[in-house]
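make a model of this:
(chains A and B)
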Amino acid sequence: MKAPIFTYRRPDDLDGALALLADHAGEAQVLAGGQSLMPTLNMRLSSPGMLVDINRIASLRGIADRGEAIRVGALVRHAEVAESSLMAARIPLIALAMPHVAHMAVRNRGTTCGSLALADPSAEMPAVAVALDARIVLNKRGATRTVSARAFFQGLYQTARDDDEMITEILFPVARKNQIFGFAELSRRHGDFATVGVAVRARHIVGALDDLSVVFFGSEPAPLLSPGARDIILAADCTDTTLADAARAMTADMEPMDNQQGRGETKRKQAAVLLQRTLRDMLGRARIRSSDV
Amino acid sequence: MNSGDPRNVPRREAARLVAGKGRYTDDIDAGDVGHIAFVRSPYPHARIDRMNCDAARVAPGVIAVITADDLSAVCKPWETRLALLPTHLSPEQIPLARDEACWQGEAVVAIVAKTRAQAEDACERVEIDWTELPAIADLDSAAAEDAPPVKSGMPNNLGLDHGISTGDPDAAFRDAAAVVEHDFTFSRQTGVTLEPRTILASFDPRVRELVVQHSHQAPHQMREVFSAQLGLPLSAVRVVAPDVGGAFGMKLCAYPDEMAVAAIAVLLGRPVKFCADRLESFVSDNHAREARVRGRLAVDTDGKLLAMDVAVLSGFGAYASHPRGSAGEGLQAVHMIAAPYQLAHYRGRVRGYFQNKVPSGILRAVGQPLACTVTEQLLDLAARKIGLDPADFRRRNYTDADDKPARSAAGIVLSQLSLRRCHDRLLALMNYDGLRRRQTELRKEKCYRGIGFAAFIEQTGVGPQLYGPQNVRVSAQEACRLTVEADGRVRCATSVTDQGQGTRTGLLQILAQELGVAPDTIEIVTGDTQVTPLGGGAWASRGVALGGEATLRAARRLKSNVLTIAGSLLQADPASLQLQGGVVCNAAGLAQMSLADIATTVGFRSHLIPLDDIPDLEVVESFAPRNTPYIAANGIQAAHVEVDPELGTIRVLDFWVVDDCGRVINPMLVDEQIRGGVVQGIGAALYEQCIYGADGQLENGSLADYLVPMAGEMPDIRIAHVETPTAMTTLGARGVGEAGTVGAAAAIWTAVNDALVPLGATVTEQPFTPEHVLDRLALAGDQPRPT
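Alright, predicted model coming up:
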């Protein structure tokens, strides 16, 4: 468990990093928190020729309020996101999901952007980004583009990022007043990669939830936004049977993988249970909120 | 925890270890050390057609590239044999595979380089042409009539076929009022120590002496092994176990790759080191527990156990673990059946098979958890069938070995037990009636909680009757050498070793009390064959039970010697003197002279002592239980769980243990031993599993996917003691190191199946993954429900 030899570079500014990525495209990898990269290096599962350590690039730090969205820079650790009162107040889904992200030690070092760049199918933050329709900002030498999270994740560890690009920031849209969120996952132990999970955003209208964004993760090669969810409207007083039918309809969109965590069909059933419970909880919270009004 | 109890002395080394100041094998410096990395077989079973190491030999930093042929000059082959079990015939082994690799992970080539990283780089340059051979992974394939052999030349894969029969089980089953049966699958587990296996071997060719620093439980055993295989006299081999970060039985065996390290040290005449990394630990540390069991139990209408019939299939892996063999798990699984209960008729049979998998060996509580699980689960099924409360049912059937010795149906020797007292204490501790009431109420709300029991016998302080008759050179005694230094401090060199249990602290307390000296004037020395007397080390829960007895005896003899000398110097009757706090006091309790005064006089001015023969200030005492195979301890555990029948998940809500390990020296350390053991048992039932594909490939070789139990999922574990000192020793302590592990998985089995009763399902495969729970519920849902 000793990493193979690689070249190590630690540029002080973004241009320096992008130049290295441009000059060594396909060979260079960005090192931010290193919580996934370092183990794969030590296990010799990957052997990049060069590591570009971005930890000294000040412009990549920081959480910033941009009005309609909150910006999370490439060097922002999960722990900073979790501790941010701005994030908690304005993007409730992140507050719901963050406690499920590994353990404190990993959150202290691992970055939210890094989690998106890796696109581990079991990771929580990609699913959250898809549910929220976050925008991912990609930079390369001389160019910047913004990709919707819903278009960014393309398959198992596959993303829209090109080899000479890096994620410099994510823009999470802030919650609208009538939006409500839910999150649940099944993992064998707390902090483990999820067997299956759901991230949900919905609109709260009088007596119902609609405009559902339901994302399944863990079981799928990449976060899966349920196409069927959009057309579902859930009445606040809907029966368990109705809810179960709705959950089943949405989980029909899944293409769950068979692996050590279980057979895909088992995960589909578990996802339906998680979704049903999450929606029931959201309906309950929606009702409380409307009675407040 | 009894925080106010003065017996709760903290471990002296704990602060140092927690502060990162451990002195583990990998922390020891040696000049010019060569670091070893192994090329391991990527295949479960394959022939080596051609090997090319040329590129590796010229890789940067490489000192030597070693293959099987290189080592044959310095290391003899070995064969693991147990004299009384001739079928447990393991193929001859050498440190590195020569023509054929028999498990994925078997070491084939050793690279010695200036750094471990360079050694790993060079490993990637070794070219081997393999031809894959048929691999035997699961037990059925191993047992098949026409199964290909695990290693070429083996007649078949059967490595153990052992049966016992008591009474007339067939008749008892025929006449029984009720018969229950259940199938059990136990997955492979492994030890997962914090400190991986590590060995640093140095050979001085000038004097032909080998010194091995070794993360191991039994340094004296390893001295025997290295001496035998490397052809060196015992006195030329020194094995030292420095700080060891966990072992759990996994560090009891002579691993081929470690044998290679010692042999390479001899071959090269220079120090070499190997520290297993986590990935290779999973494919080279002994595995354990793999078994399938079918059990049947017959009871009468009064709720009395009549007969049991248990058939065990046990998986050995590619070779028997050296030198103790791999038969223990299966043998214990049939012999510990119903150990806590009265039972007249019993039939047990175990068959064990070699497989193309990592060799299996010892893991905390060897086989006892399997027997306990089978027994307790069958008891619960029978209680339910005849409509008795499971707690009451157990209490009716406990063996009657409190006052008179007894033997269980499978031959386990029992004496001075306290099962009923432990039982009653447990029910009070857990508020059993209240829990049952709450369970009933919650079921109406579709909340499925279960309460499970596991009464257990723990074999502790195992003596020479186990390995002696098998002709296995493993010492079963424990010994203690006490020396009064000239400054009055006391050195205690014990054969017992400590991998984190706190045994050293227990011995320290015994010694301080028996001798009459302050604890901070005592040094405990362990794990160095040059310094410590011959003994077992750490296995079968022996540290305090046997090592403590040797310490007590040595302390009493030393004290007598000290007082004899003091009596002559003071012109007083030694019987009138006392040693307290390192000071000799007269009959009036007045201080007369210190231990330092006496040691100085003996050491430098012995002409002043008016005795013809001066008794020694260095004494050695040893102890082994010779009239009994082991000292049985007993207890009972209970688990309270909640099953989510929709997700298949299980939450452990509470856990209780009442244990009788005889005299308790340090309640805090005893409780932590029990808790650690319980956590390991919960891990077995719910999490831990070496997942093999049908092709014999291990599919989860890292801590990301081999799930060890973590603190967040563990319940509070409440512990109480019944103390019945054993009459086998003066000290009265029984062992406790494996108590938690013996019964914890069984308590989870019975609790989970209790929770599932209203749903008509039972679990049968450990660990209980969410998918297994859901599959069993689906199966129950498809079947007509009993009314």
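
state the distance from whatever residue of the stretch 101-250 of chain A ends up closest to chain B to residue B:649.
Of all residues in the stretch 101-250 of chain A, residue A:190 sits closest to chain B, with a separation of 4.6 Å (Cβ to the nearest Cβ). Yep, even glycine has a C-beta here, placed from its N, CA and C like the rest. If you measure residue A:190 against residue B:649 using Cβ to Cβ, to the nearest Å, the figure is 12 Å.

so between these two, which is more surrounded?
residue B:649 (20 against 13; other Cβ atoms under 10 Å in any protein chain shown).

now the more buried one: how far from chain A?
7 Å (Cβ to the nearest Cβ, to the nearest Å).

which residues does that residue bridge with?
Residue B:649 has these beta-bridge partners by DSSP bridges: residue B:644.

wait, it sits on residue B:770?
Yes. With contact defined as Cβ atoms under 8 Å, residue B:649 counts as touching residue B:770 (5.2 Å).

name the residues contacting each of those two.
Common neighbours of residue B:649 and residue B:770, using Cβ atoms under 8 Å, 6 or more residues apart in numbering or on different chains, are residue A:186.

residue of the stretch 251-400 of chain B nearest chain A, please.
residue B:277 (3.7 Å).

what sits against residue B:580?
residue B:516.

mind running it again at 10 Å?
B:516-518, B:589, B:591 (Cβ atoms under 10 Å, 6 or more residues apart in numbering or on different chains).

just give me the closest of these to chain A.
Using Cβ to the nearest Cβ, these come closest to chain A at residue B:518, 40.7 Å.

for residue B:13, see how far away the closest one is.
To residue B:13, residue B:518 is 18 Å away according to Cβ to Cβ.

can you name the residue of the stretch 1-150 of chain B nearest to chain A?
Going by Cβ to the nearest Cβ, chain A is nearest to residue B:117 of the stretch 1-150 of chain B, at 3.7 Å.

what's the closest non-adjacent residue to that residue?
Here the nearest residue to residue B:117 in space, its sequence neighbours aside, is residue A:2; by Cβ to Cβ, 6 or more residues apart in numbering or on different chains that works out to 3.7 Å.

what's the neighbour count on the one you found?
Around residue A:2 there are 18 residues (other Cβ under 10 Å).

swap in the one 4 residues further on?
Neighbour count for residue A:6, taken as other Cβ under 10 Å: 17.

tell me the SS of residue B:362?
Secondary structure, DSSP: H, G, I helix; E, B strand; the rest coil: residue B:362 is coil.

so what pLDDT did it get?
In this prediction, residue B:362 carries a pLDDT score of 97.

grab the nearest non-local neighbour of it.
residue B:249 (3.6 Å).

follow-up on the earlier one: residues in contact with the residue of the stretch 251-400 of chain B closest to chain A?
A:1-2, A:42-43, B:37, B:116, B:120, B:196.

return the residues of the stretch 51-200 of chain A in contact with chain B.
A:103, A:122, A:184, A:186-193, A:195-196 (Cβ under 10 Å from any Cβ of the partner chain).

what's the helix or strand in which residue B:396 is found packed up against?
Using DSSP states H and E, residue B:396 falls within helix B:390-397. Applying 3 or more Cβ pairs under 10 Å, 6 or more residues apart in numbering or on different chains; DSSP states H and E, we find helix B:390-397 packed against strand B:305-317, helix B:368-386, helix B:419-430, helix B:432-444, strand B:448-460, strand B:631-644.

let's see that with 8 Å instead.
Judged by 3 or more Cβ pairs under 8 Å, 6 or more residues apart in numbering or on different chains; DSSP states H and E, helix B:390-397 is in contact with helix B:368-386, helix B:419-430, strand B:448-460.

and the angle for the longest one with strand B:305-317?
It stands for helix B:368-386. 140 degrees (axes from the mean of the first three to the mean of the last three Cα atoms, to 10 degrees).

now helix B:368-386: buried residues?
Neighbour counts over helix B:368-386 (16 or more other Cβ atoms under 10 Å in any protein chain shown) mark B:368-384, B:386 as buried.

filtering those residues by proximity to chain A, which remain?
The subset of these within reach of chain A, by Cβ under 8 Å from any Cβ of the partner chain, is empty.

quick check: which ranges of the chain have low pLDDT?
Because you didn't say which chain, this covers chain A. When residues are selected by pLDDT under 70, those of chain A lie in A:290-293.

actually it's chain B I care about, not the one you picked
Scanning chain B for pLDDT under 70 picks out the ranges B:1-3, B:784-787.

give me the domain ranges for it.
B:25-133+B:196-247+B:250-283, B:369-459+B:630-782, B:478-623 (automatic domain parsing).

circling back to that earlier point, now the residue nearest to residue B:117: how far from residue B:123?
With Cβ to Cβ as the criterion, residue A:2 and residue B:123 are 11 Å apart.

now swap in residue B:393 and tell me
Using Cβ to Cβ, residue B:393 is found at 58 Å from residue B:123.

same check, this time on residue B:750
For residue B:750, the distance to residue B:123 equals 47 Å [Cβ to Cβ].

more neighbours: which of these two?
residue B:750 (28 against 20).

the nearest residue to the more buried one once chain neighbours are set aside: neighbour count?
Sequence neighbours aside, residue B:452 is the residue nearest to residue B:750 in space, at 3.1 Å (criterion: Cβ to Cβ, 6+ apart). Per other Cβ under 10 Å, the neighbour tally for residue B:452 reads 25.

same deal with residue B:606?
The burial count for residue B:606: 11, using other Cβ under 10 Å.

that one and chain A, how far apart?
58 Å.

quick one, what contacts that residue?
The neighbours of residue B:606, taking Cβ under 8 Å, 6+ apart as the test, are residue B:614.

then residue B:172?
By Cβ under 8 Å, 6+ apart, the contact set of residue B:172 is B:298, B:306-307, B:344-345.

which of the residues you listed sit farthest apart?
B:298 and B:344 (10.4 Å; Cβ to Cβ).

so what sits against both of those two?
Applying Cβ under 8 Å, 6+ apart, one finds that residue B:298 and residue B:344 are jointly contacted by B:172, B:306-307.

can you pull out the strands in the stretch 151-293 of chain A?
A:153-155, A:158-159, A:166-173, A:179-186, A:196-205, A:208-217, A:224-225, A:234-235 (DSSP state E, counting those that start in this stretch).

check the stretch 201-350 of chain B too.
Under the criterion DSSP E, counting those that start in this stretch, the stretch 201-350 of chain B carries strands at the ranges B:209-214, B:237-240, B:272-275, B:287-288, B:291-299, B:305-317, B:345-354.

in the stretch 101-250 of chain A, which spans are helices?
Using DSSP state H, counting those that start in this stretch, the helices of the stretch 101-250 of chain A run over A:104-109, A:112-118, A:124-132, A:149-152, A:240-251.
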